[in-house]
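K.L.:
sequence first, then the predicted structure:
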Amino acid sequence: MDAVTAARVGLGFLKAGSGAVVLPKHVTTYSNIDVSAEPHDGDPAPSGTSILRGPLEA
């Protein structure tokens, strides 16, 4: 998530418990990470339910 513009990039779904994703290079220009609870309903709009949010560091 870009803190200035609020632009977001979806990186996929995590299974229950834990998981890992590989960040594409263009995502490293973003300033924050936001893990949110999203229904798997095909709607790309954010639900607004963040589970984890913080700065994305190199």
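P.N.:
Received it, and whenever you're ready, just let me know what you need.
K.L.:
who's in contact with stretch 7-18?
P.N.:
Under the contact criterion Cβ atoms under 8 Å, 6 or more residues apart in numbering, stretch 7-18 has outside partners 1-2, 21, 23-24, 26-27, 30, 34-35, 38, 40, 44, 46. C-betas here are computed from N, CA, C, even on glycine.
K.L.:
number of nearby residues for residue 30?
P.N.:
Neighbour count of residue 30, defined by other Cβ atoms under 10 Å: 18.
K.L.:
my read: it touches residue 1, true?
P.N.:
Yes: counting by Cβ atoms under 8 Å, residue 1 is a contact partner of residue 30 at 6.0 Å.
K.L.:
which SS state does residue 53 fall under?
P.N.:
What DSSP: H, G, I helix; E, B strand; the rest coil gives for residue 53 is strand.
K.L.:
from residue 2, how far off is it?
P.N.:
13 Å (Cβ to Cβ, to the nearest Å).
K.L.:
which residues do those two both contact?
P.N.:
Here residue 53 and residue 2 have residue 32 as joint contacts, going by Cβ under 8 Å, 6+ apart.
K.L.:
those two: which has the busier surroundings?
P.N.:
The residue with more neighbours, out of residue 53 and residue 2, is residue 2; 14 against 11, by other Cβ under 10 Å.
K.L.:
ok, now which ones touch that one?
P.N.:
Each residue near residue 2 by Cβ under 8 Å, 6+ apart is listed here: 8, 29-32.
K.L.:
among these, which are located in helices?
P.N.:
Among those, none falls in helices (DSSP state H).
K.L.:
least confident pick among those?
P.N.:
Across those, the smallest pLDDT goes to residue 29, namely 78.
K.L.:
spell out the secondary structure type for the residue nearest to that residue when sequence neighbours are not counted.
P.N.:
In this structure, residue 29 finds its nearest non-sequential neighbour in residue 2, 7.9 Å apart by Cβ to Cβ, 6 or more residues apart in numbering. Recorded secondary structure, residue 2: coil (three-state DSSP).
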